[in-house]
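# Sharing a model prediction with you, sequence too.
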Amino acid sequence: MTQWVYSFGGRSAEGEAGMKNLLGGKGANLAEMSSLGLPVPPGFTITTEVCNYYYDNAESYPADLREQAAAAVSRIGEITGKGFGDTENPLLVSVRSGARASMPGMMDTVLNLGLNDETVEALAKNSGDRRFAYDSYRRFIQMYSDVVLGVEHHNFEEILELYKEERSLTLDTDLGADDWEHIVAAFKVRVEEELGSSFPLDVNEQLWGAIGAVFGSWMNQRAITYRRLHEIPATWGTAVNVQAMVFGNMGEDSATGVAFTRNPSTGEKALYGEFLINAQGEDVVAGIRTPQDLTEAAREAAGSDKASLERAMPETFSEFVGICDQLENHYRDMQDLEFTVEQGKLWMLQTRSGKRTTKAALKIAVDMAAEGLITQDEAVLRIDAGALDQLLHPMIDPDAPRTIIANGLPASPGAAQGEIVFNSDDAERLKAEGRAVILVRVETSPEDIHGMHAAEGILTTRGGMTSHAAVVARGMGKPCVSGAGMLRINYAKGEMLAAGRIFKEGDIITVDGSTGQVLEGRVNMLQPELSGDFGQIMEWADSRRVLGVRANAETPLDARAAREFGAEGIGLSRTEHMFFDGDRITSVRQMILADDEAGRRKALDKLLPMQREDFIELFEIMAGLPVTIRLLDPPLHEFLPHDAEEIAEVAEGLGADVDKVTARVELLKELNPMLGHRGCRLGISYPEIYEMQAQAIFEAAAEAAKKTGQPVTPEVMIPLIATKAEFDLLKERIDAVADKVRADKGVEIEYQTGTMIELPRACLRAGEIAESAEFFSFGTNDLTQTAFGISRDDAASFLGTYVEKGLLEADPFISIDTGGVGELVSIGCERGRAVRPDIKLGICGEHGGDPASVRFCHEVGLTYVSCSPYRVPIARLAAAQAAIAGDAGSTD
Ligand code: PEP
Ligand code: MG
């Protein structure tokens with residue numbers, strides 16, 4: 001018989017922390033905490049397998065599920081001394097989702113389940129608080145009707161507001177037991193009007209309704225979007241946790257709160273969090289009341305006059321601190337906790353690894369390694385390499401003049417600027433047009449996920465550091481300022497009042513998520529300091545990685561940034577990018593459009609000194625490090641003159657007739673430039689172009705070596721080779737140029753000639769190509785294009801749909817398709833090495849900075865990866881993680 005239900009509570013459990021796949025994160029950790037002897041309200045978890053069964057079998061359950069659940073409900077009753085539906089001492093439960101990966105707020109929850117007209121009276125009697133009992137009942141009807149029965153929230157809001165208005169009451173706290181009883185009756189009438197049937201009073205019907213709703217919410221739009229953004233497969237399913245209710249709203253000796261064992265923004269080792277006295281858990285997250293600090297130190301730092309938990313409930317606080325230490329040591333990671341105090345008794349409702357900013361992740365990993373809690377390797381593995389990006393974001397220049405228009409909470413670090421938008425659909429639409437936007441909302445909800453994703457930064461006027469906006473933005477690595485209460489937003493007018501001025505949709509603002517400031521207009525940004533914990537993790541990573549890391553760079557600015565980020569050379573210098581500057585483009589156009597060799601040579605003579613200067617600068621900056629220079633590979637259309645003015649300019653330079661030049665432009669236009677006259681094909685048609693470039697490279701190498709005193713060994717790289725014959729023909733020309741420069745300058749010139757491997761044929765024939773080529777660099781952008789037969793330029797319009805529909809796991813232009821393109825790379829490596837065992841093998845497509853692709857590169861044994869300068873740290877870390885994971889795998 002399959003076990004569908006796992007019980008926990010009463011200091012024991014059937015599950016444990018390692019069973020996340022089956023019990024979801026929440027269920028597995030509740031079980032673990034119970035076994036550790038911590039105060040966990042008893043309950044049970046219905047497994048994720050039931051969720052899959054539910055969707056595979058027309059939303060029905062396995063035959064023996066009800067029986068197993070009924071036994072588990074009885075067990076809760078035994079531990080609590082209460083009975084489900086009992087009219088003397090009723091057991092109330094919460095029903096919550098709990099997937100393998102945390103999906104905060106995406107799925108449904110029902111609280112206070114088990115209340116009906118009879119049990120509410122028993123609750124009133126036993127708690128000695130009728131008001132509390134009826135308030136709980138109306139909360140239950142409201143939540144259950146909304147989540148399970150589909151009667152929308154506003155129905156109940158209306159009734160409540162009208163009731164208060166008629167009696168001149170303002171706050172919910174002004175309402176007494178009789179008021180709530182009256183409202184409960186009105187709520188039930190409204191449900192019946194809406195549904196044509198009455199609110200279910202049978203507790204088992206309530207329970208199965210709620211379980212069905214939680215499973216159903218796995219497929220709601222919010223959850224689907226969240227899974228897509230976080231690459232969570234639908235097949236994981238959610239578990240359902242049914243747990244005895246504990247109440248944080250039973251008076252002044254009750255409370256509820258959330259806590260992190262270390263600061264999730266900075267990583268500082270200090271308990272961090274918020275709580276509310278006399279409130280239910282959802283109230284803290286919703287930010288309805290301003291929460292209080294947990295510790296005295298935090299209260300003082302915030303200058304708050306509201307008592308801390310440490311002061312208000314000293315005994316509970318010290319018990320809680322002990323539990324925090326115990327859990328952090330047990331899990332060996334920073335924990336994110338939820339707790340409730342019911343009439344002085346502490347209950348733990350959740351523990352999980354806390355989400356944190358990258359800055360905090362680095363500090364926590366370095367500190368925990370120093371504390372001996374984890375090893376250096378574990379510290380390196382703890383950092384999400386892709387998320388390092390967050391740290392590499394620009395910050396506001398402290399010396400820049402700034403006009404502050406509002407202050408809020410520093411909810412997620414980094415700074416961002418863009419146009420104001422007031423709703424998530426607009427944010428997504430403008431982002432698609434390539435515009436940078438700041439999403440400005442009173443508060444965000446799970447419905448705003450797509451807008452938050454599209455925005456550069458987020459600004460809210462309401463909500464604390466654990467509000468939805470703050471938690472989600474930190475997870476996404478987006479700068480966020482929350483709770484900027486002095487701002488007034490008018491959605492209808494599309495404007496915001498700040499510092500006495502009106503800001504409209506489209507106006508530019510800057511948000512500084514590190515300080516909580518909101519600034520007018522654009523402000524000068526600076527790159528962050530890359531030392532401290534970042535430097536330490538990078539040092540540990542560098543000591544473990546096997547792969548080399550180079551950068552793709554052609555400008556001096558990029559080359560300098562690359563060195564700062566730790567690049568060990570240049571793996572790709574795209575020379576065509578050097579041809580767009582200033583008057584160069586005109587010479588380049590003259591060269592392309594000249595109709596004979598003499599015309600081309602004339603234009604090339606003008607380009608030669610400029611190219612030589614470019615290379616001298618690159619060699620100087622990269623002194624002592626390898627530099628791979630790729631000969632011209634222009635998709636021709638990028639260089640052709642676009643309009644009459646540009647054509648006239650070229651014609652004048654060439655001393656040619658405008659009509660003749662216009663005709664030649666027409667002739668050179670291609671139907672499919674990506675697969676056309678580019679790469680080595682151009683070098684074969686017009687050898688003098690590559691000769692000029694080779695001459696510039698060799699002369700620059702001689703010059704730079706003289707200047708820096710360091711030998712320069714340039715790597716000359718030929719693009720888009722399909723056959724050995726193409727390569728041989730061009731290599732012969734390059735060698736001849738080298739001989740000539742040697743003779744002319746009287747210097748020794750060391751260089752290597754290699755090729756991009758970026759066509760499937762080149763992978764297959766890599767053996768014979770390696771007979772001539774001294775190195776390979778896999779150009780996985782073109783290799784992906786040609787392996788899939790998907791144009792790089794046109795992919796965007798349909799690839800997204802492929803990923804959404806699950807036809808592809810990820811966009812293959814972002815993360816390498818290991819099964820297909822990867823197989824071609826493996827073949828290329830194998831066949832190349834078979835002929836030239838010490839051949840240098842690199843990769844320089846966009847994949848070089850993608851952590852999953854870097855892992856693949858490590859596994860096939862490449863020599864190095866090359867990526868854009870800003871992704872160099874990501875590649876260094878990902879390479880170390882691949883090496884550590886590989887070692888662990890080989891000793892298993
Ligand atoms: C490639 O094709 O992967 C590559 C690096 O070259 P480019 O992107 O310039 O075509
Ligand atoms: Mg290419």
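Nice, I can see it. Ligands and ions are numbered 1, 2, ... in the order given.

# what about residue 789, distance to ligand 1?
Taking Cβ to the nearest ligand atom, to the nearest Å as the criterion, residue 789 is separated from ligand 1 by 15 Å. Just so you know, the C-beta spots here come from the backbone N, C-alpha and C atoms, and that holds for glycine as well.

# What is the burial count for that residue?
Here the count is done by other Cβ atoms under 10 Å, and residue 789 has 7 residues near it.

# And for residue 16?
Neighbours of residue 16 using other Cβ under 10 Å come to 16.

# low pLDDT regions in this structure?
Along the chain, segments meeting pLDDT under 70 span 282-288, 390, 393, 464-466, 471, 474-477, 529, 581-582, 890-892.

# near ligand 2, which residues of it show up?
758, 779, 782 (Cβ under 5 Å from the ion).

# Could you find the residue in the stretch 1-150 of the chain that comes nearest to ligand 1?
Proximity of the stretch 1-150 of the chain to ligand 1 (Cβ to the nearest ligand atom) peaks at residue 101, 32.1 Å away.

# Contacts only, for the residue nearest to that residue when sequence neighbours are not counted.
Of all residues beyond its chain neighbours, the one nearest residue 101 is residue 232 (5.3 Å), with distances taken as Cβ to Cβ, 6 or more residues apart in numbering. If you count contacts by Cβ atoms under 8 Å, 6 or more residues apart in numbering, residue 232 has them with 99-101, 103, 226.

# What's the local residue count around the closest residue to residue 230 other than its chain neighbours?
Computed as Cβ to Cβ, 6+ apart, the closest residue to residue 230 that is not its neighbour in sequence is residue 101, at 6.9 Å. Look at residue 101: counted by other Cβ under 10 Å, it has 14 neighbours.

# Can you check the distance spanned by stretch 561-573, start to finish?
14 Å (Cα to Cα, to the nearest Å).

# buried sites along that stretch?
Along stretch 561-573, these residues count as buried under the neighbour rule (16 or more other Cβ atoms under 10 Å): 561-563, 565-573.

# Not counting it itself, show me its contacts.
Against stretch 561-573 from outside (Cβ under 8 Å, 6+ apart): 392, 530, 538, 542, 548-554, 559, 618, 621-622, 625-630, 717, 777, 842-844, 848, 864-866, 869-870, 872-873, 876.

# rerun at 7 Å
For stretch 561-573, the surrounding residues in contact (Cβ atoms under 7 Å, 6 or more residues apart in numbering) are 538, 548-554, 559, 618, 621-622, 625-630, 777, 842, 844, 864, 866, 869-870, 872-873, 876.

# Which of the residues you listed fall within strands?
548-552, 627-630, 777, 842, 864, 866 (DSSP state E).

# Using neighbour counts, trim these to the buried set.
Buried by 16+ other Cβ under 10 Å: 548-552, 627-630, 777, 842, 864, 866, out of the ones in strands among the contacts of stretch 561-573.

# if we look at ligand 1, which of those residues are close to it?
Near ligand 1, taking Cβ under 6 Å from any ligand atom as the test, no member of these is found.

# Going by distance to residue 318, which of those wins?
Residue 318 lies nearest to residue 549 out of those, by Cβ to Cβ, at 48.3 Å.

# That closest one contacts residue 879, doesn't it?
Yes: between residue 549 and residue 879 there is a contact under Cβ atoms under 7 Å: 6.3 Å.

# Spit out the contact partners of the closest residue to residue 401 other than its chain neighbours.
Distances taken as Cβ to Cβ, 6+ apart place residue 523 nearest to residue 401, at 8.0 Å, with adjacent residues excluded. By Cβ under 7 Å, 6+ apart, the contact set of residue 523 is 396, 400, 402, 417, 510.

# Throw those residues into JSON lines and include secondary structure and neighbour count, thanks.
As requested, the contacts of residue 523 are exported to JSON lines (DSSP: H, G, I helix; E, B strand; the rest coil; neighbours: other Cβ atoms under 10 Å):
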{"residue": "396", "secondary structure": "strand", "neighbour count": "22"}
{"residue": "400", "secondary structure": "coil", "neighbour count": "13"}
{"residue": "402", "secondary structure": "coil", "neighbour count": "17"}
{"residue": "417", "secondary structure": "strand", "neighbour count": "22"}
{"residue": "510", "secondary structure": "strand", "neighbour count": "27"}
